[in-house]
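Novice: I'll drop the sequence and a predicted model, then ask my questions.
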Amino acid sequence: MPLSGTFKPHASYSRRIAWSSAIIGGVFFLLFVTVLLTLTWQKRLQQHEQLLIHSRDDLQQVVSTLVDTLYPLQQYTQLQCSSVSRELTSRAAFAGNIRAILLVQNSNAYCSSATGAFLLPANDISPDSELERDRDIRLLGGTPLLPTKPALALWMKNPGSAETGILATMNISLTPYQLLASYHPEITGMALIIGDKALLSGKNEVVKVSELPPALSEMGFKNSEMRFVVYGNTLAQRDYHLIFLTGLLATLFTSGASWLLLTLYQRPGKEIMQGIKRGQFHVEYQPLVTAHDGQPYGVEALLRWTHPTEGMIPPDAFISNAEAQNLIIPLTQHLFKLVARDAQFLSQQLPRGTRMSLNLSPLHLASDNFRQHVQEWIAEMPADHFNYVFEITERTMVSENNAGEIFAWLHEHGIKIAIDDFGTGHSALIYLERYPFDYLKIDRGFVQSIGTETVTSPVLDAVLLLAKKLNLKTVAEGVETGDQAAWLVNRGVTHLQGYLFSRPLRPDHLVSYYQRQSALA
């Protein structure tokens, strides 16, 4: 959307602000969600680690307690079962979670806290237990008395005796640990792994490790083959829902705040003041020629805005907006400054008495500081070189309360007054009768109707007749063809302006134009 479109109509400007706010909101949403997902991801990883540490430490404590219970019983491996079976039964009963305590001698279990004396190879009870090791722990799918209930088999070798020691079986369940994991809906399961076997939560059986799903995270035991594993996803569905909902709410707030700030910061008035500050405005001068010979006698100073990204902004767009934003006075002061700067160069090239015409807003004329601004501008201009004319648009005429006083003051200071775009307003005749204008500028719309049968043709004839009766000099704007110029000259128009003679020119090109016209004269 060109910048000029942000001035007229206002809806285009509002759409640009809305789109900018939406883009800012979209970028914010992506960044916010990305950051929040990352932080939540890290938090969940830490929580999973804490869950595994807690589960490991709890089971480690259970095993350590069992070791402390069994260690004093090592001496019984050298005794007959009949003399120690009652003691074994008592120890197993009060230890809790112990299914059986077995005395093993030379790799054969010969005494049980559950059944008393018997004889069975220890590896028939716990096939994976390595009896040559000082301590070993294995997972069992079941025991002789409870063949369908998983158990842990703890082997403790008697120091100094080969394959002699104590083998204890204890109940094992992951339910307590699964209860802890239930606070994390993203975790779908846990497993205790020992060697190539695993006890999976939700299943009351021991399975092969190869049957387990991919692990989310795991935690090993110190000096042991045991490890806890959790399964599932790093983030739960509720995490995604909460993050996206929070991001959406934050984005709505950010977009709203962006809209408000952009409305305040990037409003057209702000652009105009930035353009003044950054030197984006310049003045072009369109020659004014006398109707009878086509020779230039003056120029109209036209303010132009070249935006660094949007290019040329139509004057009608930024001037009307400056008036709406109460910025027309600083904009006119900037015009004064630019014209005064150019005039130092032009006064050395253009003849003395050249008419310098400027467009002024009635809003500026009605301001308290108008006279001071004009005096300061005249003081900056080359002395006694230019004749000044202020053009005032008829359709936005200055308030009637002080118009006569202002016009009289301008005349006292040698500044003539032209009524611009005559015929486009609603009270043209009243103004002509009431105020002492020096020039009447005919709007280009009337000039373009010359040679065509339109409703404006009779109006133009009436305007010219009125100007002649009021003894006003006339300036026709927008003359583009020789036929238009001839028609106007034949009807008494005294001055012409338009592309037929010259486009608005930069100061150096204006000097070249004057030099060419002087050579042709």
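Specialist: That came through, no problem. Residues are numbered from 1 along each chain as shown.
Novice: how many residues are close by the closest residue to I17 other than its chain neighbours?
Specialist: Closest residue to I17 apart from its sequence neighbours, by C-beta to C-beta, 6 or more residues apart in numbering: L262 at 5.0 Å. No exception for glycine: its C-beta is placed from N, CA and C like everyone else's. By the measure other C-beta atoms under 10 Å, the count of residues near L262 is 17.
Novice: who touches L262 in this structure?
Specialist: 17, 20-21 (C-beta atoms under 8 Å, 6 or more residues apart in numbering).
Novice: any buried residues in stretch 273-280, and which?
Specialist: Using 16 or more other C-beta atoms under 10 Å as the test for burial, stretch 273-280 gives 273, 275-276, 280.
Novice: ok, so of those, who is nearest P159?
Specialist: Closest approach to P159 among the buried residues of stretch 273-280 (C-beta to C-beta): M273, at 92.8 Å.
Novice: that closest one and V299, how far apart?
Specialist: Relative to V299, M273 is positioned 27 Å away (C-beta to C-beta, to the nearest Å).
Novice: with L102 instead?
Specialist: L102 sits 117 Å away from V299, going by C-beta to C-beta.
Novice: ok, these two, which is more surrounded?
Specialist: V299 (29 against 26).
Novice: which of the helices or strands spans that one?
Specialist: strand 296-307 (DSSP states H and E).
Novice: just checking, what packs against the helix or strand following that strand?
Specialist: Moving toward the C-terminus from strand 296-307, the next helix or strand (DSSP H and E) is strand 311-313. Strand 311-313 is packed against strand 296-307, with contacts defined by 3 or more C-beta pairs under 8 Å, 6 or more residues apart in numbering; DSSP states H and E.
Novice: which of the residues in the strand it packs on are buried?
Specialist: Of all the residues in strand 296-307, those buried under the rule 16+ other C-beta under 10 Å are 296, 298-305, 307.
Novice: let me know the closest of those to T332.
Specialist: When the buried residues of strand 296-307 are compared for distance to T332 (C-beta to C-beta), L303 wins out at 8.7 Å.
Novice: please enumerate the helices of the stretch 251-400 of the chain.
Specialist: All helices of the stretch 251-400 of the chain, identified by DSSP state H, counting those that start in this stretch, fall at 268-277, 315-324, 328-346, 362-365, 370-380.
Novice: which of these has the lowest mean pLDDT?
Specialist: Here the lowest mean pLDDT among the helices of the stretch 251-400 of the chain goes to helix 268-277, at a mean of 83.
Novice: distance from it to the middle of the chain?
Specialist: Relative to the centre of its chain, helix 268-277 is centred 23 Å away, using C-alpha atoms, centre = their mean, to the nearest Å.
Novice: got the CA coordinates for that helix in CSV?
Specialist: Output of helix 268-277 as CSV, limited to C-alpha atoms (Å, rounded to 0.1, in the frame of the first residue of the first chain):
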residue,chain,number,x,y,z
PRO,A,268,0.2,10.2,8.9
GLY,A,269,1.0,13.3,10.9
LYS,A,270,3.9,11.5,12.4
GLU,A,271,5.2,10.7,8.9
ILE,A,272,4.9,14.3,7.9
MET,A,273,6.9,15.6,10.9
GLN,A,274,9.5,12.9,10.3
GLY,A,275,9.7,13.9,6.6
ILE,A,276,10.3,17.5,7.6
LYS,A,277,13.0,16.5,10.1
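Novice: just the pLDDT for L429.
Specialist: L429 is assigned a pLDDT of 67 by the prediction.
Novice: equivalent analysis for R91, please.
Specialist: So R91 comes in at 87 (pLDDT).
Novice: neighbours around it, how many?
Specialist: For R91, using other C-beta under 10 Å, the count is 19.
Novice: one step back: dump the helices of the stretch 251-400 of the chain into CSV; add distance to L52 as well.
Specialist: Shown next, in CSV, are the helices of the stretch 251-400 of the chain (distance: least, C-beta to C-beta, whole Å):
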stretch, distance to L52
helix 268-277, 58
helix 315-324, 66
helix 328-346, 69
helix 362-365, 76
helix 370-380, 79
